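In: I'll drop the sequence and a predicted model, then ask my questions.
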Amino acid sequence: MPQYVIAIDQGTTSSRAIVFDHQGNIVSSGQKEHEQIFPKAGWVEHDPMEIWDNTREVIGNALSKANLTRHDIAAVGITNQRETAVVWDKNTGKPVYNAIVWQDTRTQPIVDELAADGGVERFKQQVGLPLATYFSGTKIKWILDNVEGAREKADAGDLLFGNTDSWVTWNLTGGTDGGVHITDVTNASRTLFMDLETLSWDSAILDTFGVPASMMPEIRSSSEVYGKVHSSQLLREVPVAGILGDQQAATFGQAAFEKGGTKNTYGTGNFMIVNTGEEIVHSKNGLLTTVCYKLGDAKPVYALEGAIAVTGSLIQWLRDNLGIINSAPEVEQLAKTVQDNGGVYIVPAFSGLFAPYWRSDARGAIVGLTRFVNKGHIARAALEATAFQTREVLDAANADSGVNMEDLRVDGGMVANDALMQFQADILGIPVIRPKVTETTALGAAYAAGLAVDFWKDTDELAANWSEDKRWEPTMDGAERDRQMRNWKKAVTKTFDWVDEDVN
């Protein structure tokens, strides 16, 4: 009898495969980064073929490290970078263009054009999202409008669209040889095209964007058997049984199944999700309304989300663009060489600002510079930027829910940084809690797949797996917290109105 579930985590910077046991512990993993392609300022792309090649490689690595075969695996779960759009030819299996990444801002003219009739909240009541470059819909339209021959192929029914979950699933289940073209409700809710109530594509919105319905994947639940891995793959005949967008997967992995359950993931960007149960809550404070998960035939569970574009990628920027650190973990040691930020605030609006501002005209700024400032202050300000942005999203979530959060469960790569987590607790004024298994994104996808094949019986069994690893209590006094937030908000205003017709 299979003893394990494998999760494929197709992320923004890398693809991973992680094998989990019944207690939710990591057995083995494989990981490989893919190229970040920046053709122009504001443009961010990935090569979908590289992603698929890497996915196959990391599956092999994860299995071989633990000396496992397909017979040991009960199911495959998939989680993915959301909103990153892939358009491919269903006959050849080849993308017509690189994947356009969620951080990409090239589609702002499309946003402006669509917002001219009804504003950026034109479709928000139906889909829970404002018009923004962030979401998949404008990226699909850009490809159809700008890639030679794409519009004609799409109209002929030859092109398929998917976020990277759909791309991986289609290839895993056979590609041109009978590959399953699907997505789950969580990914569908990030396109600008899915009606939150009916959980189906809105034909009127598709028509407005000029996107043929034939391109769109079938919308399925987050936990059911979609098909089996193709006979040409290492995991042949293993059921593909769970799909969750990365942030919803992390919420699931954190066992935030109850209404009010909240998690914050620290990755390339930061994403806070608050479970709102079966109720669709429309934010008045700059948050997104999204689907949290749907298990088989059960009713969908909804959520409010605060999306922050740049957190971990700011640390990568310090490493790759400025060269002040050689590896990401070094930022903590560099930050510890100074007692405070020296009056420096970094607002990393590289792709505009997401929640709670939604300002596409913003660009990054480092403010408060004096001759006193050194690279230690810059490193500390970069870490603190993550915590400040999280505080603003938490304030918005508290305002929307009418209930103040008492603590915050955290996960993702940056939660290994003690200095950041302590400052996060200080600036929030509430405890920050890290679970024993911090790979909650992959764990959530594994849980969804395992539930579908009865590897786990219910969410109570999953909740029993969750355990606390470390807790940070706030130590900063209220007056200092208020001063820091006042200065942060002042710094944010300095990023506004930067983009105009001759600056991008």
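Out: Structure received.

In: which other helices and strands does the longest helix anywhere in the chain contact?
Out: Using DSSP state H, we find that the single longest helix of the chain is helix 375-401. Packing partners of helix 375-401 (3 or more C-beta pairs under 8 Å, 6 or more residues apart in numbering; DSSP states H and E): strand 262-266, strand 270-277, strand 301-308, helix 312-317, helix 330-335, strand 345-347, helix 418-428, helix 478-493. (Each C-beta comes from the backbone N, C-alpha and C, glycine too.)

In: give me the distance between Thr289 and Asp195.
Out: Distance of Thr289 to Asp195, given as C-beta to C-beta, to the nearest Å: 12 Å.

In: likewise for Leu244?
Out: Leu244 is 20 Å from Asp195, by C-beta to C-beta.

In: those helices in the stretch 101-250 of the chain, which residues are they?
Out: Ranges of helices in the stretch 101-250 of the chain, per DSSP state H, counting those that start in this stretch, are 108-115, 124-127, 136-146, 150-155, 164-172, 185-188, 203-209, 246-253.

In: tell me which of the helices and strands packed on helix 375-401 sits nearest to Asn374.
Out: Comparison of the helices and strands packed on helix 375-401 against Asn374 by C-beta to C-beta identifies helix 330-335 as nearest, at 9.6 Å.

In: pLDDT weak spots in this structure?
Out: Applying pLDDT under 70 to the chain flags residues 501-504.

In: most distant residue from the middle of it?
Out: The outermost residue of the chain, judged against the average C-alpha position, is Arg371 (37.9 Å), by C-alpha atoms, centre = their mean.

In: and the closest residue to Gln23 other than its chain neighbours, backbone torsions?
Out: Excluding its sequence neighbours, the residue lying closest to Gln23 (C-beta to C-beta, 6 or more residues apart in numbering) is Asn465, at 5.8 Å. Phi and psi for Asn465, reported as degrees, to the nearest 10, are phi -70, psi -20.

In: same question, Gly77
Out: phi -110, psi 150.

In: I figured it hits Val238, correct?
Out: No: with contacts counted by C-beta atoms under 8 Å, Gly77 stays clear of Val238, the gap being 10.9 Å.

In: more neighbours: those two, which one.
Out: Using other C-beta atoms under 10 Å as the criterion, Gly77 and Val238 rank with Gly77 on top: 31 against 23.

In: quick check: bridge partners of the more buried one?
Out: For Gly77, the beta-bridge partners under DSSP bridges are Ala7, Gly242.

In: would you mind measuring from it to Ser166?
Out: Separation of Gly77 from Ser166 (C-beta to C-beta): 15 Å.

In: cool, Leu462 as well?
Out: According to C-beta to C-beta, Leu462 and Ser166 sit 25 Å apart.

In: who has more neighbours, these two?
Out: Ser166 (28 against 22).

In: if I look at Ile273, how far off is Leu304?
Out: 7 Å.

In: the residue nearest to Val415 when sequence neighbours are not counted pairs with what?
Out: Leaving out its chain neighbours, the residue that sits closest to Val415 by C-beta to C-beta, 6+ apart is Arg434, at 5.1 Å. Beta-bridge pairing for Arg434 (DSSP bridges): Lys470.

In: thought Arg434 was touching Thr440?
Out: No: counting by C-beta under 8 Å, Arg434 does not reach Thr440; the two are 10.0 Å apart.

In: name the residues contacting each of those two.
Out: Common contacts of Arg434 and Thr440 (C-beta atoms under 8 Å, 6 or more residues apart in numbering): Asp411.

In: of the two, who's got more company?
Out: Neighbours were counted for Arg434 and for Thr440 using other C-beta under 10 Å; Thr440 has more, 29 against 18.

In: what residues are up against that one?
Out: By C-beta under 8 Å, 6+ apart, the residues touching Thr440 are 249-250, 252-254, 263, 265, 411-412.

In: among those, who's most crowded?
Out: Tallying neighbours with other C-beta under 10 Å puts Phe252 at the head of the contacts of Thr440, with 35 neighbours.

In: run a quick neighbour tally on Trp358.
Out: Burial of Trp358 is recorded as 18 neighbouring residues (other C-beta under 10 Å).

In: just use 65 as the starting number from now, easier for me
Out: Taking 65 as the first residue, the last one we looked at is Trp422.

In: for Lys323, give its distance to Leu368.
Out: According to C-beta to C-beta, Lys323 stands 11 Å off from Leu368.

In: okay, and the common contacts of the two?
Out: By the contact definition C-beta under 8 Å, 6+ apart, Lys323 and Leu368 are jointly contacted by Thr340.

In: neighbour count: those two, which is higher?
Out: Neighbours were counted for Lys323 and for Leu368 using other C-beta under 10 Å; Leu368 has more, 27 against 16.

In: what pairs with that one across the strands?
Out: Note on Leu368: beta-bridge partners by DSSP bridges are Val338, Thr353.

In: so how far is Asn462 from it?
Out: With C-beta to C-beta as the criterion, Leu368 and Asn462 are 11 Å apart.

In: what do you get for Leu382?
Out: Going from Leu382 to Asn462 by C-beta to C-beta gives 31 Å.

In: of the two, give the one with the bigger neighbour count.
Out: Leu382 (22 against 14).

In: can you tell me which residues contact the more buried one?
Out: Going by C-beta under 8 Å, 6+ apart, Leu382 touches 388-389, 395, 442-443, 446.

In: picking that back up, if I look at Gly141 and Val302, which residues touch both of them?
Out: Joint contacts of Gly141 and Val302 (C-beta under 8 Å, 6+ apart) are Ile70.

In: got TSV for the helices of the stretch 165-314 of the chain, with distance to Glu99 too?
Out: Below are those laid out as TSV (distance: least, C-beta to C-beta, whole Å):
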stretch	distance to Glu99
helix 172-179	24
helix 188-191	32
helix 200-210	18
helix 214-219	23
helix 228-236	15
helix 249-252	23
helix 267-273	29
helix 310-317	20
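
In: right, and Ser93 touches Ser79 too?
Out: No: applying C-beta under 8 Å as the test, Ser93 and Ser79 come out as separate, 11.2 Å apart.

In: and these two? Which one has more around it.
Out: Neighbour totals were compared for Ser93 and Ser79, and Ser79 leads with 27 against 20 (other C-beta under 10 Å).

In: give the helix, strand or coil label for that one.
Out: Under DSSP: H, G, I helix; E, B strand; the rest coil, Ser79 falls in the strand class.

In: show me what it is bridged to.
Out: Note on Ser79: beta-bridge partners Gln74, Lys96, judged by DSSP bridges.

In: run a quick neighbour tally on Leu298.
Out: Close neighbours of Leu298, defined as other C-beta under 10 Å, add up to 15.

In: now do Gly226
Out: Counted with other C-beta under 10 Å, residues neighbouring Gly226 total 28.

In: look up how far Phe414 lies from it.
Out: Computed as C-beta to C-beta, the Gly226 to Phe414 distance reads 26 Å.
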